[in-house]
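1. Fold the following.
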Amino acid sequence: MDSHPTVNNSKPASARRPATVGMLCAVAYAAMLVGQVVPAVQNILSYDPKDVIVVIGGFIFGPLTAVIISVIVSFVEMITVSSTGPVGFVMNVVSTCSFAVTAAVVYKRARSMKGAVASLGAGVLVMAAMMCLWNYIVTPLYQGVPREVVASMLPTLFLPFNLIKGAINAGLTLLVYKPVVTALRKANLVEASPSGDSHGRVHVGVLLLAAALVITGVLLILVMLNIL
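-> Numbering: from 1, shown residues only. So this is what the prediction gives:
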């Protein structure tokens, strides 16, 4: 997907990257606001297009940047327009990072159209699985719904919704990635062939995913022990 001519960047990389991340945060927040007009499914599941911008940031700069954008935008959303508080913030970050960090890690290994499709597909699957687990853990505590009821909703509501949401965002990413990166290059905000985080930092993304899995596993154990 990175096949553009070289651009003569006048700004040093140290200045371009924060500016670009800040711009992506602003665009992601605007995308979230647009998503607010889409009615929630059963008043609990909302479509959120900001994942498209977050994963583009991950493709450009690497998985750690995807985490930074996700946390910043989700926090601003929490204190401005969200009514779900810290719980919604955590669920937002888990959902977006599961999708964007997974996609960024895989894309680092194969920076091509096929690699992009494979990385986004992996991101959708990981996000859908993680959200099933986190909804099973969190929804009974937050909504006061019996866990058995939530469990029955996983294959009929939560899983289909997250697969559809992820598929839409993956498709939108494929459509807008090149135009967005081309615009950023013309504005001298990214390099001609952005390499993202250094090769070593790919391991940061893997560690982040591993940490998320460990935390999820610990929470599930607490649920099984009737502690949560």
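
2. Can you tell me the SS state at Pro39?
-> The three-state assignment at Pro39 reads coil, by DSSP: H, G, I helix; E, B strand; the rest coil.

3. now it: how far from Ala28?
-> Remark: distance between Pro39 and Ala28 (C-beta to C-beta, to the nearest Å) = 21 Å. To be clear about C-beta, it is placed using only N, CA and C from the backbone, and glycine gets the same treatment.

4. who has more neighbours, the two?
-> Each of Pro39 and Ala28 has its neighbours counted (other C-beta atoms under 10 Å); Ala28 has more, 27 against 9.

5. the helices in the chain, which residues?
-> 13-35, 50-61, 63-80, 85-109, 113-143, 147-153, 159-186, 202-224 (DSSP state H).

6. any residues touching the first one, and which ones?
-> The set of residues external to helix 13-35 that reach it, using C-beta atoms under 8 Å, 6 or more residues apart in numbering, is 9, 11, 46-50, 52-54, 56-57, 60-61, 65, 68-69, 72-73, 76-77, 81, 184, 188-191.

7. which of those residues are buried?
-> Neighbour-count burial (16 or more other C-beta atoms under 10 Å) is assigned, among the contacts of helix 13-35, to 9, 46-50, 52-54, 56-57, 60-61, 65, 68-69, 72-73, 76-77, 184, 188-191.

8. pLDDT value on Val37, please?
-> We have a pLDDT of 88 for Val37.

9. Now do the contacts for it.
-> By C-beta under 8 Å, 6+ apart, the contact set of Val37 is empty.

10. if we go to 10 Å?
-> Tyr47 (C-beta atoms under 10 Å, 6 or more residues apart in numbering).

11. Check what pLDDT the nearest residue to Phe161 once chain neighbours are set aside gets.
-> Spatial nearest neighbour of Phe161, excluding adjacent residues (C-beta to C-beta, 6 or more residues apart in numbering): Leu45 at 4.9 Å. Confidence at Leu45, expressed as pLDDT, is 87.

12. for Leu45, what are its contacts?
-> The contact partners of Leu45, by C-beta under 10 Å, 6+ apart, come to Met131, Asn135, Leu157, Phe158, Pro160, Phe161, Asn162, Lys165.

13. Could you check the pLDDT of the most centrally placed residue in the chain?
-> Centroid-nearest residue in the chain: Thr96, 2.6 Å away (criterion: C-alpha atoms, centre = their mean). For Thr96, the model assigns a pLDDT of 96.

14. quick one: it and Val55 touch, right?
-> Yes. Using C-beta atoms under 10 Å, Thr96 makes contact with Val55 at a distance of 8.5 Å.

15. overlap in contacts of those two?
-> Here Thr96 and Val55 share the contacting residues Ala66, Ile69, Ser70, Gly123, Asn169, scored by C-beta under 10 Å, 6+ apart.

16. Who wins on neighbours among those?
-> Counting neighbours by other C-beta under 10 Å, Ala66 leads those with 33 neighbours.
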